[in-house]
Each structure stands twice: as C-alpha cells, then as structure tokens.
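K.L.:
how would this look folded up:
(one chain, ligands or ions: 1)
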Amino acid sequence: MSCYIKVYGRVRPSTSRNQQNALTVVDKLRVKVEADGRCEKLYELHRIFAEDIAQEDVFTTAAKKMVEECTEGINGTIFAYGQTGSGKTHTMLGPADSWSDPVAKGLIPRSVEHLFAQLELKAQECQKFSFKINVEFVELYNDDIFDLLRSDSNKITLRDTGNDITLVGAKSESVDNSLDLMHVVKRGWKSRRTAATAMNRDSSRSHALLIIKVCTEEVTGSLKTNRSSILNLVDLAGSERQSHTKASGERLKEETNINSSLTVLGRCIRLLSKPSTSHSFIPYRDSHLTHILKNSLGGISKTAVIVNMHPDRSFVAESSSTLQFAEACTMIKNRVLRNEVMSGDQENSYKKAIHELRQEIDETRAKAREEFARRLEESEKNYQQLLAESTALKSEHTELRFKYNVGLVRKTIALELDATNKRCQLLQEQRDELRERLQQSLNSTIPMQTPCGKQRRQSSRPQRRETVYKHSPSRLAELAGQDDQLHETELRVATLENEIQVVRAKLEKVTEEKFKAEEVHADVISGEEASGRIEEHSRSTAHDNQGERAEYQLVEEGSTREMEKHYSFQIKNSAEQISDLKSRLDAYDQEIEEARLLRLRLEESQNKEKELGKMIENFRKQHEDDHREYREEIRRVKANMEKELAERQKSLDLLQNELEKTVRASNKQKSEASLQFEAKMENLKKIILIQFLSHMVIALSGYPRLFAGLHHFIEDDGVL
Ligand SMILES: Nc1ncnc2c1ncn2[C@@H]1O[C@H](COP(=O)(O)OP(=O)(O)OP(=O)(O)O)[C@@H](O)[C@H]1O
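P.N.:
You can find the predicted model right below:
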C-alpha cells in the first residue's frame, strides 16, 4: 500500500501587536504568505491549523489514526518542523508542565494515552491478545546521537539493515502503561539540551526522537498473529538565522549543526518529491537525522509532518521556506508495509475461526429464542392467573346478587303472609261473633228441652221425641233470623274462601319462584325446609277451606249442637293456625332480617366488586405494561442480537475474504514456484547438454570433419 506523507501547517499566535501578520489562514487547507503587501503566495497542505486551534484537534487530525494503525503493525512517524520559536515543542509536548493538563497537553502525551487505550480495547475484543511496549529516547546534538534515558555520555551508533534502522547502545525501557511511559518521557526530556536564545527562552538545541516499539500477539483459534511496529515522535530543533538569534560561540556551533542537518533533510525531501528522481540516490546518510528518518521518508512507514510557522512579518522568509519544505513533503509517497507474521495452519485456522463464529452465532440465536419463549410463557401465565382471579370475582358477584334476589322474594312472601294473617284475624273475629250469637241462641233453646236428657234418650217412643223440640213462636222467629244470619255467614265464608284461593294461588306462585330460586342456590336456605314450610302453609289453607265447607254442611243440617262442637273445634284450629302463622311470621321476620343483612352484604360485595374491578383494571394495565415492556425488551434484545449477528457476519465475510486472498496468494506462489522449477529444470537440461556437447567437442577435436558436421548439426537444431 502506498500513500503520501501527510503535511499539516500550524500558525502560532503572533508575538508583536504592532506588526501586521505575513501569514493569513485562508481556509482549512490554504495559507497565504504576503511580503510587504506586494508578492503573495498561496500554499495548500492537507490541513492548516489556525492560531486558535485546540491541541486536541491537532492530535485528532494529525496523529490519532496513525497511533491506532501502530497497533496493527504499521510504522508511523510524526515530526514537527519549523523555525526556532514557531511552536514545535508546544505542538509535540505542550507548554512546560502541561503533561497532565487535558487541554494544553501536546501530541506526545495524547498519543501515548491513546496507544494504551487502543491496546486495552484490543485485549478486550480479541480472544487472546498480549502486547509489549519498549521505549527509546535519544537526541541528535551536533550530529551525534545521545541517549536521553542514560546519564552517561556514551554516543550511540546507527545500524542500517535495509528495512530496519537500529540505535546500537540506546537504552530500551519496557513499560506497561501510559503513566510509566510518560514518566520515561519526562525523565528523558529533562536531559534534553535546551538554551535561551534571542528567539526562544527555552530553545531546543537538539532533535529529540522518542521511539515507541509496539509488539502484539493475537491468537484466534490455532492462528497466531504477531505484529510489530515503531512509532517515532520527533521534535526537531528549529532552523535559525544568526541575524535573528544573535548566536555566538557554542550556540553558533549548535546553530550551524542544526541548520546543516535540516539542510540535508530538505535536500532529501526535494529529491524524494521529484518523480523523475524517485529511483535515484537519496543522501540519507549525509546526516544522522535523515538516516534515522530514512524509513519515514519514502520508506515503509506512514508519516505526518507538522510545519510550524511564525505569522510575524519579520519571519516571512522563514515561513516561506517552511511552506516550500511542506509543499515538497506533500509530493513524497511511502510504500507502507504491515509488519505481521502469521503462524499456524492459516487455512484451517480461518476455517476453524469461521466455524467457531458460526457456532457462536447459532448459540446466541438459540439463547435469544429461549429467552423470548421463557418471557412469553411467563407473561402468559400472569395473564391466565389474572383471568382466573377475574372469573372468581365475577362468580362471587353473581352469587351475591342471587342471594339478594332470593331475599327480595322472601320479603314479598312475608308481606303476602302478613296480609293473609290479617284476613285470618278478621275471620276469627267474625267467628267469635257467630259463636257468641250461637251461645245466646242455645241459652234460649235449652229451657225448652225435656227435664232430663237421659230419659229422652231412653224413651222408646218416637212421637215423644218430636214433641221435645217444639219451639215457641218468638223462638221460631228468632231461629228464622238466625237462619238469615247463617246464610249471611255462608256468603261471607264463600267470599273469604275466594280470597283465600287468590292468596293461595299467589303463595303457590311465590313458592314456585322460591323453589326455582332455591333449586339454583341451595346453600342460601335449605330447599326442603322452605318447601315444607310452604306445603304446610298450603295444607293449612286447604284445611281451613275444608273446615269452612264442613261448617257450611252442618249449618245446612241444622244441628246446633254439632255446629257448636264444630265451631269450638274451628276456634281451636284457628287459634292454632294463628299461633302457627305468628311463628311463621317470626320466621319471615327473621328471613326479612336475613334479607336485609344479605342486602348489606350485597352492597358490601358491590363495593368490593368495584374495588376488585379497579384492581383487575390495574392488574390488566400492569400486565399490559409488563407485556409491552417485555415486548420492548425482547425487541431490543433482538435488535442487539441482529446487530451483533451483522457484525459477526461482517467479520466472517472479512475472514472469508482474507482466506480467499490467502488461498489465491498460495496458489499464485505455487504456480510461480512450479514455473520457476520448470525454468530451472530447463536451464539444468541446457547446462547438462552443453556440458555433454563440450565433452564431445573435446573428444572429437581430433576428428575435424566429424566436429564440423556436429557443429553444423548443433547450429541447425538451435541447441545452443
Ligand atoms: N500555538 C501556540 N499557542 C500558544 N503559545 C505558543 C504556540 N506555539 C508556541 N507558543 C509559545 O511560543 C514559545 C516558543 O514555542 P516552542 O518552544 O514550542 O517553539 P519551538 O519551535 O519548539 O522552538 P525551538 O525550535 O527554539 O525549540 C513557547 O513559550 C510556547 O509556549
């Protein structure tokens, strides 16, 4: 994979208020340089950061992705370039003592934190993942390399093995987390050579190189992938003009060295940026700086350059030269390689990984289905329970309503019986009256009888018995009046009989209703008891009627004595009936009371029913809410599962693609190898033939004619 070096420009805030700025940020990609308001030039880079840009934005744009790719085995280099005091250290490290300031800290602390965060994330995502971080920190001072992690002043040498450039003698410290790494950086930074110049109170006098080596091991199934990468974070010393820095002595020597290394860097960049010279010699070895950065400039790593500029008009020449350097950098293409070694049976391990992923997907699906079914069953159960409760409440309500209706029927019967009772009382009074009259009539009849009843009964003469009952005329008149009265009574009795018939019919109807009611709900009152009572009542009513009829017959016969007996019997009977009716009335009163209580209970039950209705409604609502929630949750779980499935499918596809690629590559390798093998065999055959022919030539050299013929034959056959 080849890609261009990314170049970003950053303009620092101006230091002079009076001067007009020579640099104007036109937009996110372009910056304009103006000299004396006359000649102006527009430069376009991958991104221009204006004075007010946040450190976080610089990191996100220029370094974040590169740091992430480092964990994938791709080397990365980020360096800050620019004149002295233009803000290189500010960009790379941040202002002094801003290591832990979330706003001000620079690109190095942010990269370190992000690198570890990314590695931790991978460790969580991968089946088996481990990493190892080693760090080296050196400075290039006066074109010598010094270790910033060691106090001795031993110089470090470079070993170039083509793709690898190693620092021989540099201390490599192993770190486990970002804090440890930042402590190492802090320690090294303290040893870095800085000095105050006219341009910068804390000017860097050396190029600082922080080298972070990342090694990761990832195991998927039986496939082991080892990746390694290097992240170079470089803070270059600034190019300086003696006219500005007013340097002399040691500072001047430093300045000369810095400028010469930067000149070599510029030369290499210029050569690399010209397509025609891309294959010509690049003088990396002319300075340690370019030699160390060899792989980052036209080499095998990804590179980002941040060019820092001073906007003031007095530095317009430096800004122009920085921007020219930046523009040349944008033309350089790197051939990025991924440092990755896979071990184990790749094809099988891919297949195994695919199989495992498929299994995982199936398991996840089955689990989701089970969960869904379980929740559905649970909610169904809850629903059935609520339904049963509601049915029980409804039947209770019906039962109570029925009881109330039975109570009402009883009350009606009681009222009917009350009316009957009153009529009976009236009848009794009338009978009493009749009895009184009969008594009077008897009193007046007795003196007319023979002195001794015994004698009369013993007499054998029938004509004598007839004379015994002869009445006086006044008595006869009285008897005639009595006959009228009896007739009247007879009429009354008939009327009463009718009334009793009506009442009896009503009673029968009520009894029938009661029977029906009690048949349906036997536990309210024993049906037998009630029917017994009603039958009894009917019997007594029938008995009354019979009695009245007999009375009527006796009256017709005209036997006063028998009537007396009959009336006294009737009176006794009536008294019994009355007491019976009274007791029945008491029973009815009791029943009415019961009905009242039932009504109260019914009201209570109605209230209860209302409450229960509310409860059912609440239950139903809750059940519906639960159901909705379950459904919602199931839907959410399903969506998550689907998402996960899609992701897994995606990774499966990727794996399959990779597998196909690997298979294709291995097939290609095989065919290439077989072609090579065939070519080699062909060559070998030729060599053997040549050797054979040369032996023949030597052997036949004594026979010139035969040799000439053979030579001719060889040329014709085109063997040679
Ligand atoms: N973008 C910026 N915002 C605020 N202050 C800045 C910015 N850039 C630089 N400065 C300030 O300018 C001064 C010089 O910056 P810095 O030391 O980073 O420059 P430098 O390019 O590293 O210089 P040298 O090459 O001499 O080391 C510092 O005090 C720094 O805080």
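K.L.:
from here on, just use CA atoms for contacts and neighbour counts.
P.N.:
Will do.
K.L.:
gap between stretch 307-318 and the chain center?
P.N.:
56 Å (Cα atoms, centre = their mean, to the nearest Å).
K.L.:
send the alpha carbons of that stretch over as PDB?
P.N.:
In PDB, the C-alpha atoms belonging to stretch 307-318 read as follows (Å, rounded to 0.1, in the frame of the first residue of the first chain):
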ATOM      1  CA  VAL A 307       5.200  22.500   9.900                       C
ATOM      2  CA  ASN A 308       5.100  25.300  12.500                       C
ATOM      3  CA  MET A 309       5.200  28.900  11.400                       C
ATOM      4  CA  HIS A 310       5.500  32.300  13.000                       C
ATOM      5  CA  PRO A 311       3.000  34.700  11.500                       C
ATOM      6  CA  ASP A 312       5.000  37.900  12.000                       C
ATOM      7  CA  ARG A 313       6.200  39.800   9.000                       C
ATOM      8  CA  SER A 314       9.800  39.800  10.200                       C
ATOM      9  CA  PHE A 315       9.800  35.900   9.700                       C
ATOM     10  CA  VAL A 316       8.300  35.900   6.300                       C
ATOM     11  CA  ALA A 317      11.300  34.400   4.600                       C
ATOM     12  CA  GLU A 318      11.400  31.500   7.200                       C
END
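K.L.:
in that stretch, what's buried?
P.N.:
Neighbour-count burial for stretch 307-318 flags 307, 308, 309, 310, 311, 312, 313, 315, 316, 318 (criterion: 16 or more other Cα atoms under 10 Å).
K.L.:
for the stretch 151-300 of the chain, what lies in contact range of the ligand?
P.N.:
200, 202, 203, 204, 237, 238 (Cα under 6 Å from any ligand atom).
K.L.:
quickly name whichever of those residues is closest to residue 411.
P.N.:
Comparing these against residue 411 with Cα to Cα places residue 202 closest, at 113.1 Å.
K.L.:
give me the residue at the spatial middle of this structure.
P.N.:
Geometric centre of the chain, nearest residue: residue 636, 4.8 Å, by Cα atoms, centre = their mean.
K.L.:
give me the subset of the buried residues of stretch 307-318 touching the ligand.
P.N.:
Of the entries in the buried residues of stretch 307-318, none also sits close to the ligand under the rule Cα under 6 Å from any ligand atom.
K.L.:
pull the most distant pair out of those.
P.N.:
Spatially, the most separated pair among the buried residues of stretch 307-318 is 307 and 313, at 17.4 Å (Cα to Cα).
K.L.:
wait, what's in contact with residue 13?
P.N.:
51, 52, 310, 311 (Cα atoms under 8 Å, 6 or more residues apart in numbering).
K.L.:
might you report the residue contacts of the last one?
P.N.:
Applying Cα under 8 Å, 6+ apart, we find residue 311 in contact with 11, 12, 13, 14, 21, 22, 23, 24, 319.
K.L.:
ok, the second one touching residue 310?
P.N.:
What that stands for is residue 12. Yes - counting by Cα atoms under 8 Å, residue 310 is a contact partner of residue 12 at 5.8 Å.
K.L.:
shared neighbours of those two, anything?
P.N.:
residue 86.
K.L.:
contact partners of stretch 223-233?
P.N.:
Here stretch 223-233 makes contact (Cα under 8 Å, 6+ apart) with 67, 70-79, 92, 108, 209-219, 339-346, 349-350.
K.L.:
what about 6 Å?
P.N.:
Taking contacts as Cα atoms under 6 Å, 6 or more residues apart in numbering, the residues outside stretch 223-233 that touch it are 70, 73-79, 209-218, 339-344, 349.
K.L.:
next one: stretch 351-367
P.N.:
Under the contact criterion Cα under 6 Å, 6+ apart, stretch 351-367 has outside partners residue 221.
K.L.:
so for it, mean pLDDT?
P.N.:
On average, the pLDDT along stretch 351-367 is 79.
K.L.:
can you map out the strands along the stretch 301-450 of the chain?
P.N.:
302-309, 333-335, 340-343 (DSSP state E, counting those that start in this stretch).
K.L.:
just the closest of the buried residues of stretch 307-318 to the ligand, please.
P.N.:
Within these, the smallest distance to the ligand is 7.0 Å, found for residue 308 (Cα to the nearest ligand atom).
K.L.:
just checking, the closest one touches residue 83?
P.N.:
No - in this structure, residue 308 is not within contact of residue 83 by Cα atoms under 6 Å, at 7.3 Å.
K.L.:
what does the protein have sitting close to the ligand?
P.N.:
12-13, 51, 84-90, 95, 200, 202-204, 237-238.
K.L.:
now, those that are in strands?
P.N.:
Among these, DSSP state E puts 203, 204 in strands.
K.L.:
ok so, going back, just the buried ones from the contacts of residue 311?
P.N.:
In those, the ones that pass as buried (16+ other Cα under 10 Å) are 11, 12, 13, 14, 21, 22, 23, 319.
K.L.:
ok, for the last one, nearest residue in space, not its chain neighbours?
P.N.:
With sequence-adjacent residues excluded and distances taken as Cα to Cα, 6 or more residues apart in numbering, residue 319 is closest to residue 309, at 5.6 Å.
K.L.:
please enumerate the strands of the stretch 151-300 of the chain.
P.N.:
Going by DSSP E, counting those that start in this stretch, the stretch 151-300 of the chain shows strands at 155-160, 165-168, 173-175, 194-195, 203-204, 207-220, 223-235.
K.L.:
least confident of these, on average?
P.N.:
The minimum mean pLDDT among these belongs to strand 194-195 (a mean of 69).
K.L.:
what's the pLDDT at residue 93?
P.N.:
Model confidence at residue 93, given as pLDDT, is 92.
K.L.:
ok, now how distant is residue 56 from the ligand?
P.N.:
From residue 56 across to the ligand, the span is 12 Å (Cα to the nearest ligand atom, to the nearest Å).
K.L.:
correction: the previous question concerned residue 296.
P.N.:
Residue 296 is 21 Å from the ligand, where distance means Cα to the nearest ligand atom.
K.L.:
likewise for residue 143?
P.N.:
Distance from residue 143 to the ligand, by Cα to the nearest ligand atom: 16 Å.
K.L.:
now do residue 334
P.N.:
From residue 334 to the ligand the distance is 26 Å (Cα to the nearest ligand atom).
K.L.:
please begin residue numbering at 55 from this point
P.N.:
Right, with 55 as the first residue, what we last looked at is residue 388.
K.L.:
just give me the neighbour total for that residue.
P.N.:
Neighbours of residue 388 under the rule other Cα atoms under 10 Å: 21.
K.L.:
that one touches residue 352, doesn't it?
P.N.:
Yes - applying Cα under 6 Å, one finds residue 388 in contact with residue 352, separated by 4.4 Å.
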